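Asker: how would this look folded up:
(2 chains)
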Amino acid sequence: GAVVSQHPSWVICKSGTSVKIECRSLDFQATTMFWYRQFPKQSLMLMATSNEGSKATYEQGVEKDKFLINHASLTLSTLTVTSAHPEDSSFYICSAREAVRVNTEAFFGQGTRLTVV
Amino acid sequence: GEDVEQSLFLSVREGDSSVINCTYTDSSSTYLYWYKQEPGAGLQLLTYIFSNMDMKQDQRLTVLLNKKDKHLSLRIADTQTGDSAIYFCAETLLGNNDMRFGAGTRLTVKP
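Answerer: Numbering: from 1, shown residues only, chains lettered A, B, ... in the order given. The predicted structure is shown next:
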């Protein structure tokens, strides 16, 4: 199956700093990537949908100025958590769909555990 | 509430079959999925079924879809301790590109 690589796997940062998480599709082109957040013992919450070459579409309640998403190429999307606070500590997961296949499986990255201290 | 609902916990003995259930509310669902999440890890696609199918079998996994009742189930035969994980069902809708997830069912397999 297709591979989505997410980096880093875990990161600890100080409150007030910014953290960038990368999501790469290694062997396919992904016009659309999704960013999810998972709180402990809860399901995945879609944060935003990222389309290559255009602005991301954020879900209601997600601050776009805080969670900056860039999808500059067909194989890379980044999520930057700006001015991180302890309440931003969570597990962030990206997923990607192949450019020519919609409504089929999405491939997930391994996730990034962010801890803000 | 959730558009996709699952029971939160399931406990079985090693060697038994596990059945994880899921209900969804949107009749325009096109694909339905089962993902497995091990502790601290991302999601691993186990299997998926197109909405015009009733059943799909893949080795120890059997997916049953009752579109009339909007009910999806995942049966794991001969459950092993390595099957202990959280299982998420998810759907995509006609015309949409994102996925909706259930809350996940934590499967515990006892020796």
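Asker: drop to CA atoms for contacts and neighbour counts, all remaining ones
Answerer: Noted.
Asker: count of neighbours near residue B:56?
Answerer: Using other CA atoms under 10 Å in any protein chain shown, residue B:56 has 15 other residues around it.
Asker: Looking at it now. What's its pLDDT?
Answerer: Predicted confidence (pLDDT) at residue B:56: the value is 94.
Asker: ok, it touching residue B:74?
Answerer: No: the pair residue B:56 and residue B:74 fails to qualify as a contact (CA atoms under 8 Å) at a distance of 9.7 Å.
Asker: Overlap of the contact sets of the two?
Answerer: B:62-64 (CA atoms under 8 Å, 6 or more residues apart in numbering or on different chains).
Asker: Between the residues you listed, which sits nearest chain A?
Answerer: Within the set of those, residue B:63 lies nearest chain A; the separation is 15.6 Å, counting by CA to the nearest CA.
Asker: My reading is that that closest one lies in a helix. Confirm?
Answerer: No: using DSSP: H, G, I helix; E, B strand; the rest coil, the assignment for residue B:63 is strand, not a helix.
Asker: Near chain A, which residues of chain B? Just list them.
Answerer: With CA under 8 Å from any CA of the partner chain as the criterion, chain B comes near chain A at residues B:30-31, B:33, B:40-45, B:48, B:88, B:92-94, B:96-98, B:101-104.
Asker: close to chain B, is the lowest-mean-pLDDT helix or strand in chain A?
Answerer: Comparing every helix and strand of chain A by mean pLDDT, DSSP states H and E singles out strand A:107-108 as the least confident one, with a mean of 84. Yes: counting by CA under 8 Å from any CA, contacts between strand A:107-108 and chain B involve A:107-108.
Asker: Against which helices or strands is that strand packed?
Answerer: Using 3 or more CA pairs under 8 Å, 6 or more residues apart in numbering or on different chains; DSSP states H and E as the contact criterion, the secondary-structure elements in contact with strand A:107-108 are strand A:90-97, strand B:43-50.
Asker: Weed out the non-buried ones from the residues of chain B next to chain A.
Answerer: Neighbour counting by 16 or more other CA atoms under 10 Å in any protein chain shown classes B:30-31, B:33, B:41-45, B:48, B:88, B:92-93, B:97-98, B:101-104 among the residues of chain B next to chain A as buried.
Asker: Now, the residues you listed that are in strands?
Answerer: Per DSSP state E, strands hold the following members of these: B:30-31, B:33, B:43-45, B:48, B:88, B:92-93, B:101.
Asker: Tell me which of the residues you listed has the lowest pLDDT.
Answerer: In terms of pLDDT, the lowest of these is residue B:93, showing 73.
Asker: With adjacent residues omitted, what lies nearest to it?
Answerer: Spatially, and ignoring its direct neighbours in sequence, residue B:93 is nearest to residue B:29 (4.2 Å; CA to CA, 6 or more residues apart in numbering or on different chains).
Asker: do the same with residue A:21
Answerer: Residue A:21's closest residue in space is residue A:79 (CA to CA, 6+ apart), at 5.1 Å.
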